[in-house]
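> have a look; sequence and predicted model below, questions after that.
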Amino acid sequence: MPPFAHIDCNNFYASCERVFNPSLIGRPVIVLSNNDGCAIARSNEAKALGVKMGEPAFKIKELIEEHNIAVFSANFELYGDMSNRVMTILSGFSPSQEIYSIDECFLDLEGINVDLRAYGLEMKQKVEKWTHIPVSIGIGPTKALAKTATRVAKKFTPQTGGVHFIDTDEKRIKALKWLQIEDVWGIGRQYTKKLTAMNIRNAYQFVNLSDEWVKTHLTIAGLRLKHDLQGIPTLQLDEVKNKKSIATTRTFDEMIENKADIRERVSTFAVKCAEKLRKQKTCCNAIQVFITTNYFREDLPQYSNSVTIKLPFATNSSIELAEYATMGLDRIFREGFKYKKAGVFVMDFTPEDNQQLNIFENRNTKHIPLMKAIDRVNSRYSKDLIRLATQAPGRTWRMRQEKLSKHYTTDINEIITLKLK
DNA sequence: TCTGGGGTCCTAGGACCC
DNA sequence: TCTGGGGTCCTAGGACCC
């Protein structure tokens, strides 16, 4: 039985803000999504005040003022950099690591012949000492049980010290009986509805359902989870995560009717996707564009649509992808609607150095050095110094980010300075 | 006034083929 | 006029994750 460790950063984005602003410790902190739309991270204090995940900022305005909640616009550059630091430290504790998300990873602890709880405490101390990001750690015989253990570690920190090890069947059953059904990994809103209707309220009752029932109603994915929670190792550590799609999507800060304005944005989304592709040295073979009206406004006519275009050749050229994205928009755009959101996806990747020459479509090979030059200039000077004409030079549209913290770790001009008396 | 963004996987059903 | 069975591939949509 290979034990797994699961490491989860506590309230990650809020904790990142605290690292560089220690006066926030003890204060409620929330981080807002793009356009300062809704709360996407809350410190424990903010959770205790009742701020819900995903809650729109305008609905909690009074609560923010009343309790002096510290509010930040999302600073993903900072969070990404802090994440790398945490993950690098943890990678030193095992030869096999799966980076599951920006703030979580799994480690394979097979063959590590030490007291594993003590080992977990060592990881926790090292990460906290070197990054000041607090973490919770769960260890168990399967990935799903390690994740369950992390919840126990976090919920009962005074007793667990932030590290919990499910090393006996007794502890496994105790944890499963405690874990509410809606908190089980892989059980979302729809499945919770289905299961509570059958009076299944915790993970222990869930694992006692028959395999057949689970497979029929929760698909094969639900069955794998069930086995993993029973202690039968089913989910594997996934060390190499090759992306299968890349997206750039935005909600607009206002509703837009004008096609030319939407075209500017869609064109920019395509350019961003192309940049992400070049960064990971792949090309895409398909591009998808979608637009949608504001589905919160039931008083307005609604319309949404998407289109996927197969490309005649693999590319990561900003110019080509912007062209195809614009073509896609032409196919789905309808006059007379107020649009609120749009996005571009690219998928079906092939490695950059492995493009098959297509004899029917003559790919403009001049784009390759051109894109390299643009990337160099933009990374050296300002992020969007060179743009395509379709991206509306000068008349840039900005995200609302009124509470943005500095890029403490990734921009030399914003590095923290200390004054010594 | 104001409601995020970026991902994965699975299944059912249609198109097409022999 | 009637109208099989089995296979594959693709896509849209729905569920989930952080």
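The structure has been received and is ready for your questions.
> pLDDT below threshold where in chain A?
Applying pLDDT under 70 to chain A flags residues A:1, A:355-364, A:392-398, A:418-421.
> could you report the neighbour count for whichever residue of the stretch 1-150 of chain A sits closest to DNA strand C?
As assessed by CB to the nearest atom of the strand, DNA strand C sits closest to A:Ser101 within the stretch 1-150 of chain A, at 3.5 Å. Backbone N, C-alpha and C define where each C-beta goes, glycine included. A:Ser101: 10 surrounding residues under other CB atoms under 10 Å.
> could you do the one 3 residues further on as well?
The number of residues packed around A:Glu104, counting by other CB under 10 Å, is 19.
> and it, bridged to which residues?
A:Asp8, A:Ser101 (DSSP bridges).
> let me see the contact set for it.
By CB atoms under 8 Å, 6 or more residues apart in numbering, the residues touching A:Glu104 are A:6-9.
> is the nearest residue to A:Ala286 once chain neighbours are set aside in a helix, a strand, or coil?
Nearest residue to A:Ala286, sequence neighbours excluded (CB to CB, 6 or more residues apart in numbering): A:Asp348, at 4.5 Å. Look at A:Asp348: counting by DSSP: H, G, I helix; E, B strand; the rest coil, its state is strand.
> ok, A:Ser15 next?
Relying on three-state DSSP, one would call A:Ser15 helix.
> and the residue nearest to it when sequence neighbours are not counted, how far from DNA strand B?
Spatially, and ignoring its direct neighbours in sequence, A:Ser15 is nearest to A:Ile133 (5.1 Å; CB to CB, 6+ apart). Computed as CB to the nearest atom of the strand, to the nearest Å, the A:Ile133 to DNA strand B distance reads 18 Å.
> helices of the stretch 251-400 of chain A, residue ranges please.
A:259-279, A:318-332, A:367-380 (DSSP state H, counting those that start in this stretch).
> mind listing what A:Asp332 touches?
Let me fix one detail, which is that residue A:332 is Ile and not Asp. Residues near A:Ile332 by CB under 8 Å, 6+ apart: A:289-291, A:305-307.
> isn't A:Asn34 right up against A:Phe252?
No: using CB atoms under 8 Å, A:Asn34 is not in contact with A:Phe252; the gap is 10.4 Å.
> quick one, what contacts A:Pro56?
A:37-38.
> over to the one 4 residues further on?
With contacts defined as CB under 8 Å, 6+ apart, the neighbours of A:Ile60 are A:39, A:51.
> how about 10 Å then?
By CB atoms under 10 Å, 6 or more residues apart in numbering, the residues touching A:Ile60 are A:30, A:38-39, A:46, A:49-52, A:66-67, A:69, A:71.
> where's the residue nearest to A:Ser15 relative to A:Ile40, distance?
In this view, A:Ile133 and A:Ile40 are 17 Å apart by CB to CB, to the nearest Å.
> between those two, which has more neighbouring residues?
A count of neighbours by other CB under 10 Å puts A:Ile133 above the other of A:Ile133 and A:Ile40, at 21 against 16.
> need the three-state assignment for the more buried one.
With three-state DSSP as the criterion, A:Ile133 reads coil.
> do I have it right that it meets A:Val19?
Yes: if you go by CB atoms under 10 Å, A:Ile133 and A:Val19 touch, sitting 6.7 Å apart.
> got any residues that touch both of those two?
Counting by CB under 10 Å, 6+ apart, the common neighbours of A:Ile133 and A:Val19 are A:Met82.
> quick one: contacts for the residue of the stretch 1-150 of chain A closest to DNA strand C?
Counting by CB under 10 Å, 6+ apart, A:Ser101 makes contact with A:8-9, A:12, A:83.
> mind checking how far stretch A:74-84 is from the chain centre?
Centre-to-centre, stretch A:74-84 and its host chain are 11 Å apart (CA atoms, centre = their mean, to the nearest Å).
> what residues does that stretch touch?
Contacts of stretch A:74-84 (CB under 10 Å, 6+ apart): A:9, A:12-13, A:15-17, A:19-20, A:31-37, A:40-41, A:72, A:99, A:101-105, A:131-133, A:399, A:401, A:403-411, A:414.
> return the residues of the stretch 1-150 of chain A in contact with DNA strand C.
Neighbours of DNA strand C within the stretch 1-150 of chain A, by CB under 7 Å from any atom of the strand: A:100-104.
> repeat the analysis, applying 10 Å as the threshold.
A:6, A:8-9, A:12, A:40-41, A:53-54, A:100-104, A:147, A:150 (CB under 10 Å from any atom of the strand).
> please spell out the PyMOL selection for the buried subset of the residues you listed.
With 16 or more other CB atoms under 10 Å as the burial test, the buried ones among these are selected in PyMOL as follows:
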select buried, chain A and resi 6+8+9+12+40+41+100+102+103+104+147+150
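> now for the residues of the stretch 1-150 of chain A next to DNA strand C: which two are most distant?
A:His6 and A:Gly54 (23.5 Å; CB to CB).
> and the helix or strand hosting A:Lys215, does that touch DNA strand B?
Under the criterion of DSSP states H and E, A:Lys215 resides in helix A:211-229. Yes: on the criterion CB under 10 Å from any atom of the strand, helix A:211-229 is in touch with DNA strand B at A:215-216, A:218-224.
> check stretch A:194-205 too.
No: applying CB under 10 Å from any atom of the strand, one finds stretch A:194-205 separated from DNA strand B by no less than 14.5 Å.
> one step back: just the buried ones from the contacts of A:Ile60?
Taking 16+ other CB under 10 Å as the criterion, what is buried in the contacts of A:Ile60 is A:30, A:38-39, A:46, A:49, A:51, A:67, A:69, A:71.
> and the contacts of A:Ile60, which two are furthest apart?
Spatially, the most separated pair among these is A:Cys38 and A:Glu66, at 18.7 Å (CB to CB).
> list the buried ones in stretch A:193-211?
Using 16+ other CB under 10 Å as the burial criterion, the residues of stretch A:193-211 that qualify are A:195, A:200, A:202-204, A:206-207, A:209.
> for those residues, give me TSV that also has secondary structure.
Formatted as TSV, the buried residues of stretch A:193-211 follow (three-state DSSP):
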residue	secondary structure
A:Leu195	helix
A:Ile200	coil
A:Asn202	strand
A:Ala203	helix
A:Tyr204	helix
A:Phe206	helix
A:Val207	helix
A:Leu209	coil
